[in-house]
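**Q** Structure for the following, please:
(6 chains)
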There are 4 protein chains.
Amino acid sequence: MDGQDSGRGRPGRRRSEESRLAILAAAIDLLAESGYAALSIEGIAARSGTGKQTVYRWWPTKADVVLEALAVKTDLHIPIPDTGSYPGDLRAFLDASFALARTPRVLEVLRALMAHAQLDPGFGDRFRAGFLQRRRAALGVVLERAAARAELPPHLSTRTTADIVFGVIWYRVLTTTGPGDLTDPATADELAAELTGLLTGSPG
Amino acid sequence: MDGQDSGRGRPGRRRSEESRLAILAAAIDLLAESGYAALSIEGIAARSGTGKQTVYRWWPTKADVVLEALAVKTDLHIPIPDTGSYPGDLRAFLDASFALARTPRVLEVLRALMAHAQLDPGFGDRFRAGFLQRRRAALGVVLERAAARAELPPHLSTRTTADIVFGVIWYRVLTTTGPGDLTDPATADELAAELTGLLTGSPG
Amino acid sequence: MDGQDSGRGRPGRRRSEESRLAILAAAIDLLAESGYAALSIEGIAARSGTGKQTVYRWWPTKADVVLEALAVKTDLHIPIPDTGSYPGDLRAFLDASFALARTPRVLEVLRALMAHAQLDPGFGDRFRAGFLQRRRAALGVVLERAAARAELPPHLSTRTTADIVFGVIWYRVLTTTGPGDLTDPATADELAAELTGLLTGSPG
Amino acid sequence: MDGQDSGRGRPGRRRSEESRLAILAAAIDLLAESGYAALSIEGIAARSGTGKQTVYRWWPTKADVVLEALAVKTDLHIPIPDTGSYPGDLRAFLDASFALARTPRVLEVLRALMAHAQLDPGFGDRFRAGFLQRRRAALGVVLERAAARAELPPHLSTRTTADIVFGVIWYRVLTTTGPGDLTDPATADELAAELTGLLTGSPG
DNA sequence: GGATAAGCGAGACGGTACGTCAGGTCTTGTC
DNA sequence: GACAAGACCTGACGTACCGTCTCGCTTATCC
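**A** Sure, this is the predicted structure:
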């Protein structure tokens, strides 16, 4: 996925790992200080003590820097849960997703990346392929396991189920003002119950 | 919503309706030509034959211009359907929403506004209050009617139902590349069936 | 020569005389501090407390700024001498020219402008028309007066006389290292004597 | 003049004559294509298929490359004429000098080198010592021969004579726009006649 | 009807960042 | 050690917009 094989055998100076990390760290710092809108490649280069050219050489846009920085600094890996039952797996998946999004810095970055993806079609493609699809694939594993166990409700396609799951998560991420009101405890309950066909709970 | 009472009694020249419309038209034109990212207040003023100050006097950001332009040029009013039954109303609501979003220009504008709302907290507030809440309120009427008829499935709160409806719509809007693959016909079917409790438990 | 009529009657804010002078002063200062090669429009804007765009709006290159700065700060006007005789006028012209060139700052600027004129054809044209031709015209007046008095030696055309006068001055300017060795007192003597036909054929 | 003795006895790889010639040829080519202002060491290295370091190792500035390239590609040697008389020698010297300067490529290079010498004191020293002084020395031989034959007009010092000769040549080189109007045939006539004390010709 | 008060198109202003170019330096592996 | 390759930090380029601030002018209301 990174596109360069670190140039084994090629002539020329090798990419500086030091600069790479400095750039990612600077991006994170500046993001925390002033937010994504105020982030600039100029600023990242200055803060990291590198040259603008070095940033442009390896990342096409500031959003790509942030995407990689997020992956380096934060553990974005949401483990694919395996609790033995579909309801359990789905609850675990939802809980982990909401928990991650409740981290203020992560919340802001997710918003910024999705926003940037709308404004820059090139980054949109990279974001879909490198982030959104991976998350869908993770949920896909859960759904496949459930299908193998014949636990899936019959009337919901895999696509629509995933759209509901990620739709609700992203809608909450994009339309709430702070991490506090991202979710109430009931949301994941209701959602999991609805999607797994359990009609146990009674809503408020 | 516009905050001034057209200055009844105030001295001074009145706001030029001609300029207002020229600005909104220019915004729409430029948006269609080059996309939201390339849109600028400078460009809107130049294209509309007005001064930058005139734009800044009435709209805080380019997103606000676009939001108003969209309302003027396109009929954003999705009528609150009243088919007599919850399933029918919900289907109609979903169909109208997806149909609107399938208009290429509207699709792009919706994406741009949601994106801008992420990057500019001030516009985010205005967008939520002036657009998102209105749509939720419209759906709310449908749900209230259904509640009065006791058609609501017991395990889904109003909030979660709305989150699922708008979550799926927005997720599709924000993550598909073109109007073509925004929805297949089955999506609204499945969604309406799921949320109204129809087919629950029956095999596919 | 300035190309704009200060916009009497035109709409829009008028050019800031304050900024104009600040830019010219900054150019002179930076030139004295670090030399022409280190001079940049970026630096001029920063030092003068103006924006780069303001510099670019009114001057196409840094050389044009320097040319105008020189005209403002230093009195480049070499009066056309009228001593009553061609030898006297020519001596006065030469003395004034060498004296001006002996001013260290002026010497450096003259060099830089002539250099820039070689590298940038557009500025070359402006420099010829706005500076070199004026100096030739001044000498032309002296030669015309001499012709009217029948004092001109018969074998030298006006063009060649001017080429010798300015050729020697510029050659000295461009090929000596410092103001000190720009001229010895004998140079102007010899040159004037030669061009006016005095002493011709007499032993030294 | 180049300062290294090709490393007799030194260890390590010897300088590549192939690279040297490729660099000089690339400099000439690029100069002809885009002019001196657009010439860069980066571009020379790329065009010649060498590394930037190789250029920097052997030449301090692009002007030094051009100076050497000119010497390699064009025969800059103006033979010291010996026609038997001072007027004949001087005419021959002037004619050869103007003829060389009339070669378009040479004209451009001479301008560029003189320009660069103004902006870069280090190159200025090298240019004076390696080029200008050599030309003065050549003229010096002519003048010495004339002195030995007692042909020199008494009132002109050697220095001033040389200043007039090179002053006029360089002034023409630096202030005319194209090779076409560098000289009319009369210029060398008048100049030679004036400097040798022959008062034969009548100017136009 | 004259004073006062906006709004208007125009456009200059001080800024910030863009994305690019080249400068000159420094590895890296090969010759 | 020189060489081709190429990454590095630096700094300037010229441009695009930002949001603000005059300008001269055009409506409006009010005294």
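
**Q** For the spatially most central residue of chain A, give me its contacts.
**A** By C-alpha atoms, centre = their mean, the mean C-alpha position of chain A lies nearest to A:F131, the distance being 5.7 Å. Listed by C-beta atoms under 8 Å, 6 or more residues apart in numbering or on different chains, the contact set of A:F131 reads A:L67, A:L113. Where you see a C-beta, it was placed from the backbone N, CA and C, and this is true even at glycine.

**Q** Quick check: closest non-adjacent residue to whichever residue of chain A sits closest to DNA strand F.
**A** Residue nearest to DNA strand F within chain A: A:G51 (1.8 Å; C-beta to the nearest atom of the strand). Here the nearest residue to A:G51 in space, its sequence neighbours aside, is A:A45; by C-beta to C-beta, 6 or more residues apart in numbering or on different chains that works out to 6.0 Å.

**Q** Okay, and the one you found sits in which element?
**A** Taking DSSP states H and E as the criterion, A:A45 maps to helix A:41-48.

**Q** Let me see the residues that make contact with that helix.
**A** Residues contacting helix A:41-48 (C-beta under 8 Å, 6+ apart): A:19, A:22-23, A:25-27, A:29-30, A:51-52, A:54-56, A:62, A:65.

**Q** Quick check: the two most widely separated of these?
**A** Longest distance between any two of those is 19.7 Å, between A:D29 and A:Y56; criterion C-beta to C-beta.

**Q** in chain A, which spans are helices?
**A** A:17-34, A:41-48, A:52-58, A:62-73, A:86-102, A:104-119, A:121-127, A:133-148, A:158-175, A:185-196 (DSSP state H).

**Q** pull the CA atoms of the first one into CSV?
**A** Read it as helix A:17-34. Provided in CSV are the C-alpha atoms of helix A:17-34 (Å, rounded to 0.1, in the frame of the first residue of the first chain):
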residue,chain,number,x,y,z
GLU,A,17,12.5,7.9,8.3
GLU,A,18,13.3,10.7,10.8
SER,A,19,11.7,13.2,8.5
ARG,A,20,8.7,11.1,7.9
LEU,A,21,8.0,10.7,11.6
ALA,A,22,8.7,14.3,12.3
ILE,A,23,6.2,15.3,9.7
LEU,A,24,3.5,13.0,11.0
ALA,A,25,4.1,14.2,14.5
ALA,A,26,3.9,17.8,13.5
ALA,A,27,0.6,17.1,11.7
ILE,A,28,-0.8,15.6,14.9
ASP,A,29,0.4,18.4,17.0
LEU,A,30,-0.9,21.2,14.8
LEU,A,31,-4.2,19.4,14.5
ALA,A,32,-4.6,19.3,18.2
GLU,A,33,-3.6,22.9,18.6
SER,A,34,-5.6,24.6,15.9
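
**Q** Can you check the pLDDT for the residue of chain A found nearest chain C?
**A** Residue nearest to chain C within chain A: A:E42 (13.9 Å; C-beta to the nearest C-beta). Here the pLDDT value assigned to A:E42 is 98.

**Q** Tell me the residues of chain A that contact DNA strand E?
**A** A:9, A:11-14, A:38, A:40-43, A:51-53, A:56, A:61-62 (C-beta under 7 Å from any atom of the strand).

**Q** so where is chain A shaky, pLDDT-wise?
**A** Applying pLDDT under 70 to chain A picks out residues A:1-8, A:73-76, A:199-204.

**Q** Minimum distance to chain B, which residue of it gives it?
**A** A:G167 (3.2 Å).

**Q** Please report the distance of that residue from C:Y36.
**A** 63 Å (C-beta to C-beta, to the nearest Å).

**Q** Next: A:A101.
**A** Counting by C-beta to C-beta - A:A101 and C:Y36 are separated by 57 Å.

**Q** can you check A:D29 too?
**A** 40 Å.

**Q** And those two? Which one has more around it.
**A** C:Y36 (20 against 14; other C-beta atoms under 10 Å in any protein chain shown).

**Q** The more buried one reaches C:M114, doesn't it?
**A** No: C:Y36 is not in contact with C:M114 according to C-beta atoms under 8 Å; the separation is 10.9 Å.

**Q** Show me the common contact partners of these two, please.
**A** D:Q118.

**Q** what residues are up against the spatially closest residue to A:V142 that is not a sequence neighbour?
**A** Among residues not flanking A:V142 along the chain, A:D89 sits closest, at 4.6 Å (C-beta to C-beta, 6+ apart). Applying C-beta under 8 Å, 6+ apart, we find A:D89 in contact with A:P81, A:D82, A:T83, A:V142, A:R145, A:A146.

**Q** quick one: which of those residues has the most company?
**A** A:V142 (22 neighbours).

**Q** For stretch A:118-125, buried residues please.
**A** A:Q118, A:L119, A:D120, A:F123, A:G124 (16 or more other C-beta atoms under 10 Å in any protein chain shown).

**Q** what about dumping the CA coordinates of it to CSV?
**A** Extracted in CSV, the C-alpha atoms of stretch A:118-125 (Å, rounded to 0.1, in the frame of the first residue of the first chain):
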residue,chain,number,x,y,z
GLN,A,118,-15.8,15.4,-0.5
LEU,A,119,-13.8,18.3,-1.7
ASP,A,120,-10.9,16.4,-3.3
PRO,A,121,-12.0,13.5,-5.5
GLY,A,122,-8.5,12.0,-5.6
PHE,A,123,-8.3,11.8,-1.9
GLY,A,124,-11.9,10.6,-1.9
ASP,A,125,-10.8,7.5,-3.8
